[in-house]
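Trainee: Output the structure for:
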Amino acid sequence: MWRVAAGLLLVVAGPVLAAGAAPSRRVVSLNPSLTAMVIALGGREALVGVDDYSARSPGAAGLPSVGGLYNPSLEAVVALAPDLVVLVPSAEQRGFTERLEALGIPRLVLDPVSFDDVLAAIERIGAALGREREAAARVGAIRATRARVEAAARPLPPLRGVLVLQREPLFVAGRGTFVDDMLRSLRVTNLAAEQPGHWPRLAREWLLAAAPELIVDSSPDPEPALSHWSRWPSLPAVAKGAVVSLPVGVATLPGPDLDAALLTLAAATRGEAFVAALRAETP
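Mentor: Numbering: from 1, shown residues only. Next comes the predicted model:
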């Protein structure tokens, strides 16, 4: 889930994004975030196949599955006769991507790690589908929400926090990620930003030493977040009662609804009243 690389990478074989090129009509998506983008832009009818993870989402229900995120079946993809394959780069898929290229199958390789990367990916997918207008509207709505959030958070005191993706072992959101960007928009100093990697695995001793005054827990563990972290009462976040839960997926899937994700994170870090005031000001 957290094996991602820095920056936004675009690789296209063929004239998929050339000026005047026909929009893609038979798309195979090999990543749940990219699948969500295609669907959000109104491209559901263009999807002819998806990865196993995407296939479990309501929007992609009924679509043929071509295998896992890191081990898709080339034969299954080829059988669907796609005019575009969209995927996120990974070391596991390097050979797969090279075989697609050898077969002359166009592919769009996008790496939405940072907030701006995600917006650029939405625009790239919109261009490939001939849905530039829908993509521009979606990106515009996200940017507008972020601007309102940042303006409202500007006078607030900063918070020192960490966003937990998994408890055992401990994985957190690090620097350069869309999560880190959203935290900064809310004036939350991400204590893990000084650690190497986008989604670092850290020892619990690091967390105790970092002494966060806010813990946002997006772990899928069924135990309530406050109950779990109360085992370490020396944590300032525990002492202050500033341990909050975040729905799984908000902080791990860089999809097309970053405006909703940002508001959810705002409620977790700054309180429901903060978000209610933002919504009341929305024209």
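Trainee: give me every residue that touches Ala211.
Mentor: Under the criterion of CB atoms under 8 Å, 6 or more residues apart in numbering, the contact partners of Ala211 comprise Arg160, Ser234, Leu235, Pro236. Every residue, glycine included, has its C-beta placed from N, CA and C.
Trainee: now those: which count as buried?
Mentor: Neighbour-count burial (16 or more other CB atoms under 10 Å) is assigned, among the contacts of Ala211, to Leu235.
Trainee: out of the contacts of Ala211, which one sits closest to Glu281?
Mentor: Arg160 (27.6 Å; CB to CB).
Trainee: Helix, strand or coil: sort out the closest one for me.
Mentor: strand (DSSP: H, G, I helix; E, B strand; the rest coil).
Trainee: State the pLDDT value of it.
Mentor: Model confidence at Arg160, given as pLDDT, is 98.
Trainee: so it makes contact with Glu213?
Mentor: Yes: checked against CB atoms under 8 Å, the pair Arg160 and Glu213 is within contact range at 5.0 Å.
Trainee: how about the residue nearest to the spatial centre of the chain, secondary structure?
Mentor: Geometric centre of the chain, nearest residue: Pro254, 1.4 Å, by CA atoms, centre = their mean. Here Pro254 is recorded as coil under three-state DSSP.
Trainee: Please name the residues that touch it.
Mentor: For Pro254, the residues meeting the contact criterion (CB under 8 Å, 6+ apart) are Ser33, Pro112, Val113, Asp117, Val118, Ala121, Phe178.
Trainee: Run a quick neighbour tally on the fourth one.
Mentor: When you say that, I think you mean Asp117. Using other CB atoms under 10 Å, Asp117 is surrounded by 22 other residues.
Trainee: That one in helix, strand or coil?
Mentor: Secondary structure state of Asp117, per three-state DSSP, is helix.
Trainee: Relative to Ala203, how far out is it?
Mentor: Taken as CB to CB, to the nearest Å, the spacing of Asp117 relative to Ala203 amounts to 29 Å.
Trainee: For Glu123, which residues are in contact?
Mentor: Contacts were defined as CB under 8 Å, 6+ apart; by that measure Glu123 touches Glu132, Ala135, Ala136, Val139.
Trainee: Among those residues, name the ones in helices.
Mentor: In this view, those that belong to helices under DSSP state H are Glu132, Ala135, Ala136, Val139.
Trainee: top of those by neighbour count?
Mentor: The most neighbours, when those are compared by other CB under 10 Å, belong to Ala135, which has 24 neighbours.
Trainee: need the contact list for that one.
Mentor: With contact taken as CB under 8 Å, 6+ apart, Ala135 is in contact with Leu41, Ile122, Glu123, Ile125, Gly126, Ala127.
Trainee: re earlier: how about the contacts of Ala211, which pair is most distant?
Mentor: The most widely separated members of those are Arg160 and Ser234, with 15.0 Å between them, by CB to CB.
Trainee: Any stretches of the stretch 101-250 of the chain with poor pLDDT?
Mentor: Counting by pLDDT under 70, the stretch 101-250 of the chain contains no low-confidence range.
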